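[1] I'll drop the sequence and a predicted model, then ask my questions.
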Amino acid sequence: MKRITASLLCMAALTACTDGSGSGSIGSGGELENVPDDLKGNVEAVSYNANNETLTLRLNGLDGGPQDLVYTRNAALDVDGYEAYTYQDDPLDRHFTALVAQSNDGSVIAGAVADGGQFNRYFGGGFYQRSGRYDPPTGASGQVSYAGTYAGVTNLDAPGDDLLPTPAGTDPAILPAQSARVEGDIFLNVSFNDNAVNGGVYNRRFIDDQTITLPDVVLVNTTIDEEGVFYGEVEFDGTINGVGNYGGIFGGTDAAAVGGTVVLEDIDNNIYGWTGDEEIGVFVLTQCGQAGDADQCDDVN
């Protein structure tokens, strides 16, 4: 896999809330507010309708076209649990892949988007939003778990079978790359009594080359604020050294769902000797014990 060695400018996380109209649409497309500086980046706004399978993103990167871009539904690039949407303005412009999901109860969305790189840089970010207010569980139910699948986009290039065709003889130096996708599983333990969350991402692997296994990731214990939003550090399992950050938001009745993003400044813990490799991950999970929870929930109270 070719790599883009320059770092991503930065990540973005959308934490604004909507009115919970139940229309299947979350995200007004407005400007982001109250997002931590170290999570802000190329994603400025999002509008997603799960029922209609429509996604509009606003990036401050070189994506071409108008400010708000309607991405094309691209089921061929779906990752288990996450819908894929793509945008490429012309064959010599950047190719963006977005992976997004909405929770079973419709209260939370989250996603990640990135291009595969061109001219030593790539653009992208993560986003998450909630419909309605924060409603944490209370009493004995304050200790809960969440589980499900994880997906990510990277600045390593995929085989590129979704790229628009270029004329024969086009110099490779000016060609865009397609983002290589990652899949895996994720598990969170949460204490709403203590306002704390931690967890891990495991079974990580590239979709385009599953012979390449990737190390497990730890989502270090962090605090949930009064709005049901959290932000913490990411480490590789067994390596007490920060390699990125994660954040998310709880939604639904008794916090039945959670959505968020994971930012990795190193994909493989230097196992394969890559440099400048980065990943933007997404998770949308159902609380264990709720309808539609994951198989991993069979082993928890």
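    All right, it came through fine. Numbers count the residues shown, from 1 in each chain.

[2] how about stretch 138-150: buried residues?
    By 16 or more other Cβ atoms under 10 Å, the buried positions in stretch 138-150 come out as Gly142, Gln143, Val144, Ser145, Tyr146, Ala147, Gly148, Thr149, Tyr150. (Each C-beta comes from the backbone N, C-alpha and C, glycine too.)

[3] can you list those in JSON lines and add distance to Gly232 and pLDDT?
    Formatted as JSON lines, these follow (distance: Cβ to Cβ, whole Å; pLDDT from 0 to 100):
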{"residue": "Gly142", "distance to Gly232": "19", "pLDDT": "78"}
{"residue": "Gln143", "distance to Gly232": "18", "pLDDT": "88"}
{"residue": "Val144", "distance to Gly232": "17", "pLDDT": "94"}
{"residue": "Ser145", "distance to Gly232": "17", "pLDDT": "96"}
{"residue": "Tyr146", "distance to Gly232": "15", "pLDDT": "97"}
{"residue": "Ala147", "distance to Gly232": "18", "pLDDT": "97"}
{"residue": "Gly148", "distance to Gly232": "19", "pLDDT": "97"}
{"residue": "Thr149", "distance to Gly232": "20", "pLDDT": "98"}
{"residue": "Tyr150", "distance to Gly232": "16", "pLDDT": "98"}
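
[4] of those residues, just say which sits nearest to Gln88.
    Nearest to Gln88 among these is Tyr150, at 25.2 Å by Cβ to Cβ.

[5] Asp266 versus that closest one, what's the distance?
    As defined by Cβ to Cβ, to the nearest Å, Tyr150 lies at a distance of 17 Å from Asp266.

[6] what's the answer for Ala294, then?
    27 Å.

[7] could you do Arg130 as well?
    If you measure Arg130 against Asp266 using Cβ to Cβ, the figure is 30 Å.
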